[in-house]
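Trainee: Okay, sequence plus prediction incoming.
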Amino acid sequence: KNEVEQSPQNLTAQEGEFITINCSYSVGISALHWLQQHPGGGIVSLFMLSSGKKKHGRLIATINIQEKHSSLHITASHPRDSAVYICAVRTEPGNQFYFGTGTSLTVIP
Amino acid sequence: NAGVTQTPKFQVLKTGQSMTLQCAQDMNHNSMYWYRQDPGMGLRLIYYSASEGTTDKGEVPNGYNVSRLNKREFSLRLESAAPSQTSVYFCASTWGLAGLSYEQYFGPGTRLTVT
(Lines give C-alpha, C1' and ligand atoms only; values in the text may rest on other atoms or scores of the structure.)
Protein backbone atom coordinates (compact mmCIF):
# COMPACT_ATOMS: atom_id res chain seq x y z
CA LYS A 1 0.00 0.00 0.00
CA ASN A 2 1.18 3.55 -0.73
CA GLU A 3 0.14 6.08 1.84
CA VAL A 4 1.71 8.88 -0.23
CA GLU A 5 1.44 9.16 -4.00
CA GLN A 6 3.28 11.71 -6.11
CA SER A 7 2.80 12.77 -9.71
CA PRO A 8 4.37 12.98 -12.12
CA GLN A 9 7.25 10.56 -11.50
CA ASN A 10 9.45 12.33 -14.00
CA LEU A 11 9.25 15.84 -15.37
CA THR A 12 11.33 17.70 -17.95
CA ALA A 13 10.86 21.43 -18.36
CA GLN A 14 12.44 24.29 -20.28
CA GLU A 15 14.13 26.98 -18.25
CA GLY A 16 11.61 29.61 -17.20
CA GLU A 17 8.58 27.31 -17.17
CA PHE A 18 6.12 27.11 -14.28
CA ILE A 19 6.25 23.66 -12.67
CA THR A 20 3.71 21.83 -10.52
CA ILE A 21 4.34 18.62 -8.59
CA ASN A 22 1.41 16.93 -6.87
CA CYS A 23 1.15 14.84 -3.72
CA SER A 24 -1.88 12.91 -2.48
CA TYR A 25 -2.05 10.99 0.79
CA SER A 26 -4.49 8.57 2.35
CA VAL A 27 -3.82 8.90 6.09
CA GLY A 28 -4.56 11.46 8.77
CA ILE A 29 -1.63 13.81 9.15
CA SER A 30 -0.25 16.38 11.54
CA ALA A 31 2.04 17.87 8.89
CA LEU A 32 3.25 17.49 5.32
CA HIS A 33 6.85 18.04 4.26
CA TRP A 34 8.38 18.79 0.89
CA LEU A 35 12.01 17.73 0.52
CA GLN A 36 14.59 18.22 -2.21
CA GLN A 37 17.18 15.56 -2.95
CA HIS A 38 20.16 16.79 -4.92
CA PRO A 39 21.86 14.67 -7.59
CA GLY A 40 24.65 14.01 -5.08
CA GLY A 41 22.14 12.44 -2.69
CA GLY A 42 21.80 15.10 0.02
CA ILE A 43 18.29 15.82 1.28
CA VAL A 44 17.10 19.29 2.24
CA SER A 45 13.77 20.22 3.78
CA LEU A 46 11.96 22.82 1.70
CA PHE A 47 8.63 23.22 3.45
CA MET A 48 6.66 21.91 6.36
CA LEU A 49 2.98 22.79 6.33
CA SER A 50 -0.22 21.76 8.02
CA SER A 51 -2.60 24.19 6.33
CA GLY A 52 -2.80 26.84 3.65
CA LYS A 53 0.19 27.99 1.68
CA LYS A 54 3.87 28.80 2.15
CA LYS A 55 6.32 30.61 -0.12
CA HIS A 56 10.11 30.66 -0.19
CA GLY A 57 11.55 32.60 -3.11
CA ARG A 58 10.38 30.91 -6.32
CA LEU A 59 8.90 27.93 -4.46
CA ILE A 60 5.28 27.76 -3.32
CA ALA A 61 3.66 24.90 -1.42
CA THR A 62 -0.05 24.50 -0.83
CA ILE A 63 -2.09 21.95 1.06
CA ASN A 64 -5.79 21.10 1.08
CA ILE A 65 -6.46 19.06 4.21
CA GLN A 66 -10.02 18.13 3.23
CA GLU A 67 -8.90 16.77 -0.14
CA LYS A 68 -5.68 15.25 1.28
CA HIS A 69 -3.64 16.89 -1.44
CA SER A 70 -0.62 19.15 -1.67
CA SER A 71 1.16 20.84 -4.55
CA LEU A 72 4.66 22.21 -4.93
CA HIS A 73 5.05 24.95 -7.52
CA ILE A 74 8.28 26.32 -8.94
CA THR A 75 8.04 29.63 -10.77
CA ALA A 76 10.60 30.68 -13.40
CA SER A 77 12.34 27.30 -13.24
CA HIS A 78 16.13 27.15 -13.55
CA PRO A 79 18.54 24.30 -14.29
CA ARG A 80 19.72 24.43 -10.67
CA ASP A 81 16.19 23.33 -9.67
CA SER A 82 16.95 19.92 -11.23
CA ALA A 83 16.57 17.44 -8.38
CA VAL A 84 14.20 14.87 -6.94
CA TYR A 85 11.33 16.39 -4.98
CA ILE A 86 9.87 14.23 -2.22
CA CYS A 87 6.59 14.58 -0.38
CA ALA A 88 6.39 13.19 3.15
CA VAL A 89 3.64 13.10 5.75
CA ARG A 90 3.70 12.71 9.51
CA THR A 91 0.68 10.71 10.57
CA GLU A 92 -1.76 11.67 13.26
CA PRO A 93 -2.46 9.49 15.15
CA GLY A 94 0.45 7.08 14.92
CA ASN A 95 3.36 9.49 14.61
CA GLN A 96 4.87 7.69 11.63
CA PHE A 97 6.57 9.28 8.65
CA TYR A 98 5.62 8.12 5.14
CA PHE A 99 7.37 9.28 2.00
CA GLY A 100 6.43 9.43 -1.65
CA THR A 101 8.79 7.91 -4.19
CA GLY A 102 9.73 11.34 -5.49
CA THR A 103 9.41 13.38 -8.66
CA SER A 104 12.57 13.66 -10.72
CA LEU A 105 12.73 17.14 -12.25
CA THR A 106 15.12 18.12 -15.04
CA VAL A 107 15.19 21.73 -16.18
CA ILE A 108 16.83 22.24 -19.57
CA PRO A 109 18.58 25.55 -20.34
CA ASN B 1 27.54 23.90 13.06
CA ALA B 2 28.11 20.62 11.26
CA GLY B 3 24.38 19.79 11.35
CA VAL B 4 23.80 16.06 11.06
CA THR B 5 26.85 13.89 10.41
CA GLN B 6 26.97 10.21 9.51
CA THR B 7 29.81 7.71 9.39
CA PRO B 8 30.84 5.89 7.35
CA LYS B 9 29.85 7.30 3.94
CA PHE B 10 30.33 3.96 2.17
CA GLN B 11 30.55 0.39 3.43
CA VAL B 12 30.70 -3.05 1.87
CA LEU B 13 29.82 -6.03 4.07
CA LYS B 14 29.65 -9.75 3.53
CA THR B 15 26.47 -11.58 4.46
CA GLY B 16 26.43 -12.29 8.19
CA GLN B 17 28.85 -9.53 9.18
CA SER B 18 27.79 -6.88 11.66
CA MET B 19 28.31 -3.15 11.70
CA THR B 20 27.13 0.04 13.35
CA LEU B 21 26.19 3.21 11.50
CA GLN B 22 26.88 6.32 13.52
CA CYS B 23 24.86 9.54 13.51
CA ALA B 24 25.41 12.73 15.45
CA GLN B 25 23.75 16.15 15.47
CA ASP B 26 24.92 19.39 17.04
CA MET B 27 21.64 21.33 16.86
CA ASN B 28 20.35 20.28 20.29
CA HIS B 29 17.49 18.43 18.63
CA ASN B 30 15.30 16.13 20.68
CA SER B 31 14.17 13.64 18.03
CA MET B 32 16.32 11.53 15.74
CA TYR B 33 15.43 9.11 12.95
CA TRP B 34 16.94 6.38 10.80
CA TYR B 35 15.63 5.82 7.25
CA ARG B 36 16.56 3.61 4.36
CA GLN B 37 16.14 4.60 0.73
CA ASP B 38 15.75 1.98 -1.99
CA PRO B 39 15.19 2.57 -5.70
CA GLY B 40 11.50 2.98 -6.49
CA MET B 41 10.49 2.68 -2.81
CA GLY B 42 11.01 6.11 -1.30
CA LEU B 43 12.41 6.67 2.16
CA ARG B 44 11.18 4.29 4.85
CA LEU B 45 11.47 4.81 8.57
CA ILE B 46 13.46 2.12 10.40
CA TYR B 47 13.54 3.42 13.97
CA TYR B 48 13.18 6.73 15.69
CA SER B 49 13.97 8.27 19.04
CA ALA B 50 11.55 10.93 20.21
CA SER B 51 13.84 11.98 23.03
CA GLU B 52 16.97 10.88 24.84
CA GLY B 53 16.40 7.49 26.40
CA THR B 54 13.51 6.40 24.16
CA THR B 55 13.39 4.48 20.90
CA ASP B 56 10.48 3.22 18.80
CA LYS B 57 10.05 1.04 15.74
CA GLY B 58 9.20 2.52 12.40
CA GLU B 59 7.90 0.89 9.26
CA VAL B 60 10.80 -1.54 8.60
CA PRO B 61 12.64 -2.36 11.88
CA ASN B 62 13.40 -6.06 11.31
CA GLY B 63 17.13 -6.84 11.23
CA TYR B 64 18.13 -3.59 12.93
CA ASN B 65 18.75 -2.30 16.44
CA VAL B 66 19.30 1.25 17.60
CA SER B 67 20.84 3.05 20.53
CA ARG B 68 20.23 6.64 21.57
CA LEU B 69 23.57 7.06 23.28
CA ASN B 70 22.91 10.63 24.41
CA LYS B 71 21.03 13.62 23.06
CA ARG B 72 23.54 14.07 20.21
CA GLU B 73 24.09 10.51 19.01
CA PHE B 74 21.80 7.84 17.55
CA SER B 75 23.37 4.66 16.17
CA LEU B 76 21.94 1.94 13.94
CA ARG B 77 23.27 -1.61 14.20
CA LEU B 78 23.03 -4.47 11.76
CA GLU B 79 23.75 -7.63 13.75
CA SER B 80 23.87 -10.05 10.80
CA ALA B 81 23.81 -8.24 7.49
CA ALA B 82 21.74 -9.61 4.61
CA PRO B 83 21.75 -8.64 0.92
CA SER B 84 18.22 -7.23 1.42
CA GLN B 85 19.79 -4.57 3.63
CA THR B 86 21.75 -3.12 0.71
CA SER B 87 20.49 0.44 0.66
CA VAL B 88 21.30 4.07 1.34
CA TYR B 89 20.75 4.94 5.00
CA PHE B 90 19.87 8.44 6.15
CA CYS B 91 19.85 9.80 9.65
CA ALA B 92 17.70 12.84 10.43
CA SER B 93 16.90 15.00 13.42
CA THR B 94 14.25 17.48 14.42
CA TRP B 95 13.77 19.83 17.33
CA GLY B 96 10.26 18.75 18.20
CA LEU B 97 9.22 15.83 20.32
CA ALA B 98 7.14 13.06 18.83
CA GLY B 99 3.60 14.22 18.20
CA LEU B 100 4.72 17.70 17.20
CA SER B 101 5.76 18.59 13.69
CA TYR B 102 9.05 20.24 13.00
CA GLU B 103 11.40 20.51 10.02
CA GLN B 104 13.73 17.54 9.62
CA TYR B 105 17.46 17.93 8.98
CA PHE B 106 19.13 15.06 7.13
CA GLY B 107 22.64 13.65 7.21
CA PRO B 108 24.56 12.99 3.97
CA GLY B 109 23.73 9.29 3.90
CA THR B 110 25.62 5.99 4.14
CA ARG B 111 25.70 3.76 1.07
CA LEU B 112 25.78 0.14 2.27
CA THR B 113 26.29 -2.87 0.04
CA VAL B 114 25.90 -6.39 1.41
CA THR B 115 27.33 -9.14 -0.80
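Mentor: The structure has been received and is ready for your questions.
Trainee: Tell me, how many residues neighbour residue 58?
Mentor: Here I'm looking at chain A. Counted with other C-beta atoms under 10 Å in any protein chain shown, residues neighbouring A:Arg58 total 14. (Glycine included, C-beta is placed from N, CA and C.)
Trainee: Can you look at chain B instead?
Mentor: Burial of B:Gly58, expressed as a neighbour count using other C-beta under 10 Å, amounts to 20.
Trainee: My guess is B:Arg72 contacts B:Ala24. True?
Mentor: Yes. Contact criterion C-beta atoms under 8 Å: B:Arg72 and B:Ala24 qualify, at 5.2 Å.
Trainee: When those two are compared, which one has more neighbours?
Mentor: Neighbours were tallied for B:Arg72 and for B:Ala24 using other C-beta under 10 Å; the higher tally belongs to B:Ala24 (20 against 17).
Trainee: Quick check: A:Gly16 is in a helix.
Mentor: No. Residue state for A:Gly16 (DSSP: H, G, I helix; E, B strand; the rest coil) corresponds to coil; a helix is not indicated.
Trainee: Tell me the spacing between it and chain B.
Mentor: Between A:Gly16 and chain B the computed distance is 29 Å (C-beta to the nearest C-beta, to the nearest Å).
Trainee: What of A:Val89?
Mentor: Here the criterion is C-beta to the nearest C-beta. By it, A:Val89 lies 10 Å from chain B.
Trainee: Excluding sequence neighbours, find me the nearest residue to that residue.
Mentor: Distance criterion C-beta to C-beta, 6 or more residues apart in numbering or on different chains; nearest residue to A:Val89, sequence neighbours excluded, is A:Ile29 at 4.5 Å.
Trainee: Tell me, how many residues neighbour that neighbour?
Mentor: Using other C-beta under 10 Å, A:Ile29 is surrounded by 23 other residues.
Trainee: Isn't it up against A:Pro93?
Mentor: No. Shown here, A:Ile29 and A:Pro93 do not form a contact pair, counting by C-beta under 8 Å, at 10.3 Å.
Trainee: Residue 80: what secondary structure?
Mentor: I went with chain A, as the question did not name one. helix.
Trainee: hmm, I had chain B in mind actually
Mentor: In terms of secondary structure, B:Ser80 is coil; the call rests on three-state DSSP.
Trainee: Skipping adjacent residues, who's closest to it in space?
Mentor: Across the structure, with C-beta to C-beta, 6+ apart as the measure, the residue nearest B:Ser80 apart from its sequence neighbours is B:Gly16 (5.4 Å).
Trainee: Show me where chain A dips below the pLDDT cut-off.
Mentor: Residues of chain A that meet the criterion pLDDT under 70 lie in A:1, A:94-95.
Trainee: ok, now chain B?
Mentor: B:96-101.
Trainee: Mind checking if stretch B:61-71 is in reach of chain A?
Mentor: No. Contact of stretch B:61-71 with chain A is not found when judged by C-beta under 8 Å from any C-beta of the partner chain; the minimum separation is 11.7 Å.
Trainee: That stretch: end-to-end distance?
Mentor: One end of stretch B:61-71 sits 21 Å from the other (C-alpha to C-alpha, to the nearest Å).
Trainee: can you pull the buried residues of that stretch?
Mentor: In terms of neighbour count (16 or more other C-beta atoms under 10 Å in any protein chain shown), stretch B:61-71 has its buried residues at B:Pro61, B:Tyr64, B:Val66, B:Arg68, B:Lys71.
Trainee: For burial, what's the neighbour tally of B:Glu103?
Mentor: For B:Glu103, the number of neighbouring residues by other C-beta under 10 Å comes to 16.
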